[in-house]
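1. Test case, fold it:
(chains A and B)
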Amino acid sequence: MTFEEDVEYFNSINEELTKEHRGKFVLIKDKQNHGIFSSFEDAHKEALKKFGMVDVVIAQIGVEQPLNYMASAT
Amino acid sequence: MIEMGKLTIQPIIFRTRPHPTNPGQIQIEFALGESARALMIRGIVLNISIEVDRWTAEALRAQSLPVPNPVAVPAMVDTGASHLGLDTSIVRSLNLARRGVTICDTAAGRRLANMYAVSLSFPGTTLMRYDMLRAVEVNLANQPFKCLIGRETMSNWHIHYNGQSGAISISD
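-> The predicted structure is shown next:
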């Protein structure tokens, strides 16, 4: 499984998770939901405990993405 | 609100010119208005230090693995950025693991950018240190600053921007 597949997996389950967990954070690795957390930091700590220093997806459920307009970046 | 720290920047710029009455000597004078001009051109740029976040550092130490050295870089305060924006060179230097993605609008167009967790401090100031912040990977290779300080950090700040004098003060 790749990181990109985990991102796609989150996009596919986001709507379903929103029914009960809007605003919370989900931890995804290998296309599996490894828990719902109140904060990004809690999900990050759990990811380190379970998987070590590897790529995971921590995504906020059912919320609009904040504006990121970085005019000085390419 | 308890004031935790404060940073004031008042650039003082001098200019030199040949001394009007003593040939071969130079005259140094306060460049009135240059501070305001410098702020207008550069924006708010601070010296910061970026490290792996506290929890990652603890996990590395627990496994007797080396913790990457902090990276000291200039950073620009950017109200357009939601989180920290980190140049790719910093992400590589700290060997960060990805923690998700976010949508970014940049000069090169809209794209998905990787997200990471880092810690942030402001050496030489009393501004609060952040043990864990979310950071977005961006390409700042052509910029004199290598980090953007976004609204997540600014949500803890009171910023006073005096465009007329060129003075900045930040407190938290």
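2. Number of residues surrounding B:Trp55?
-> 19 (other CB atoms under 10 Å in any protein chain shown). For the C-beta atoms, the positions are set from N, CA and C on the backbone; glycine is no exception.
3. part of a helix, is it?
-> Yes: counting by DSSP: H, G, I helix; E, B strand; the rest coil, one finds B:Trp55 located in a helix.
4. Spatially, what comes nearest to it if we skip its sequence neighbours?
-> Nearest non-adjacent residue to B:Trp55, counting by CB to CB, 6 or more residues apart in numbering or on different chains: A:Lys45, 5.1 Å away.
5. residues near the one you found, how many?
-> Per other CB under 10 Å, the neighbour tally for A:Lys45 reads 21.
6. correct me, but it touches B:Thr56?
-> No: using CB atoms under 8 Å, A:Lys45 makes no contact with B:Thr56, being 9.6 Å away.
7. what's near enough to touch the closest residue to B:Gln27 other than its chain neighbours?
-> Excluding the flanking residues, the one nearest B:Gln27 by CB to CB, 6+ apart is B:His19, at 4.6 Å. Going by CB atoms under 8 Å, 6 or more residues apart in numbering or on different chains, B:His19 touches B:Gln25, B:Ile26, B:Gln27.
8. Now do the same for B:His19: its pLDDT.
-> In this model, B:His19 is scored at 77, pLDDT.
9. Surely A:Ile13 is in contact with A:Lys31?
-> No: counting by CB under 8 Å, A:Ile13 sits too far from A:Lys31 to count as a contact (9.5 Å).
10. give the contact list for A:Gly52.
-> Applying CB under 8 Å, 6+ apart to A:Gly52 gives the contacts B:Ala59, B:Gln63.
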